[in-house]
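> Following is a predicted model, sequence given first.
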Amino acid sequence: MDAAQEEVFGSLQSTMTLALKAMPATFLPIYGFWAATLPYMKKYASWYSSTSNPTSLDELADTGLLRGLIKADQQVMELTSEVRFLEKKLDGYRTMKKGIEIGERRSRPQSPTGVRRIRDESPANEDKQKQKLMEVLKAKRDKLANATARAQNVSNSIMSCRNELIQNQEQERPEEFSLPRIYWVKSATNVGVGLASFLVWDEAGGFEEARIPLTFYAAQLALYWTYYPVLFHFGAYEWSLIHISLATLASVITTIQFTKVNDTAGLLMMPYLFYMAYSVHHNYKVGVEEWKQRQMGLKVSQLLRRYSTDLAH
């Protein structure tokens, strides 16, 4: 074996030795990530995957039924207000006095013929106005009846869909389970984070010399590993948003500390930072949508009691 071959062999041997030495630190983040998400795999998949089969009253909003009921109720309320206004106006015509009071007539100037003008409408004109008002009122009442019927139909459709969903859930059909692609992307970024931590440890010469960056690294790992258990076990979107925001902040600080020690380690942290930013955005987006669906669910529950004829059976 010549000198060149010995040099290549020695380089490969040192690389393999370094790789084996770096392996525990490299795979530590991904092992922690898998251990934290393993008990919640189905919830994790549903958190990042949309479903076309609604499983609750809130998720029926995707079919447009809930929004349709709310829109129909708004039309009913508007038409009801218009009908009441026209009814009051018609009652005013029925009780309105013809002409004006004598004292009011004296305050008006006389006509050239010496006869005071009286603000009065002939019975024929008044009857025409009454007739026109009654026609408008009848048309509004017909529209109100149609709008109420539409609201009842949509309400009955919602009740039917909800009953069908309940029956499907009782059958306990097996659900298709598949992990979303983001799961494997996150796993890859975790490998980069672990390798970055090893480079910092190796460059600094041990834990004592890399105490500050590795302390921030440990803190962000603790926050990151506990994020999904807190989210899926307690289901508190507000607290989980704060949790993932703190984990992202710790990741940014860790990246800065790693870059001070080793530039390559800082670059390896970049995909992880993008993933953490995406997690914050996704948590906020899902939390807002969940709040909107809950508000819509409360509104629709009230409207179902008002319009649904199925509740009487």
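Good, I have the coordinates. Numbers count the residues shown, from 1 in each chain.
> Tell me where the stretch 101-250 of the chain is predicted with low confidence.
Along the stretch 101-250 of the chain, segments meeting pLDDT under 70 span 101-124, 126, 161-178, 235.
> Swap in 90 and give it another go.
Applying pLDDT under 90 to the stretch 101-250 of the chain picks out residues 101-188, 191-192, 195, 198, 201-210, 227-241.
> Helices along that one, start to end?
102-106, 123-171, 181-204, 211-225, 227-229, 237-261 (DSSP state H, counting those that start in this stretch).
> any chance of those helices in JSON lines, with distance to residue 27 and mean neighbour count too?
In this view, the C-beta of every residue, glycine as well, is placed from N, C-alpha and C. Compiled in JSON lines, these are given as follows (distance: least, C-beta to C-beta, whole Å; neighbours: other C-beta atoms under 10 Å):
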{"stretch": "helix 102-106", "distance to residue 27": "97", "mean neighbour count": "10"}
{"stretch": "helix 123-171", "distance to residue 27": "39", "mean neighbour count": "14"}
{"stretch": "helix 181-204", "distance to residue 27": "6", "mean neighbour count": "19"}
{"stretch": "helix 211-225", "distance to residue 27": "13", "mean neighbour count": "19"}
{"stretch": "helix 227-229", "distance to residue 27": "18", "mean neighbour count": "19"}
{"stretch": "helix 237-261", "distance to residue 27": "18", "mean neighbour count": "18"}
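> possible to save these as CSV with distance to residue 76?
Compiled in CSV, those are given as follows (distance: least, C-beta to C-beta, whole Å):
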stretch, distance to residue 76
helix 102-106, 42
helix 123-171, 5
helix 181-204, 44
helix 211-225, 50
helix 227-229, 45
helix 237-261, 33
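> Tell me which of those helices lies nearest to residue 284.
Minimum separation from residue 284 across these (C-beta to C-beta) falls at helix 237-261, 6.0 Å.
> and of the helices of the stretch 101-250 of the chain, who's closest to residue 269?
Closest to residue 269 of these is helix 237-261 (C-beta to C-beta; 4.1 Å).
> quick one, the closest one and helix 211-225 angle?
Per axes from the mean of the first three to the mean of the last three C-alpha atoms, to 10 degrees, the angle that helix 237-261 makes with helix 211-225 is 150 degrees.
> Residue 280 against residue 246, yeah?
No: in terms of C-beta atoms under 8 Å, residue 280 does not count as a neighbour of residue 246; the distance is 10.2 Å.
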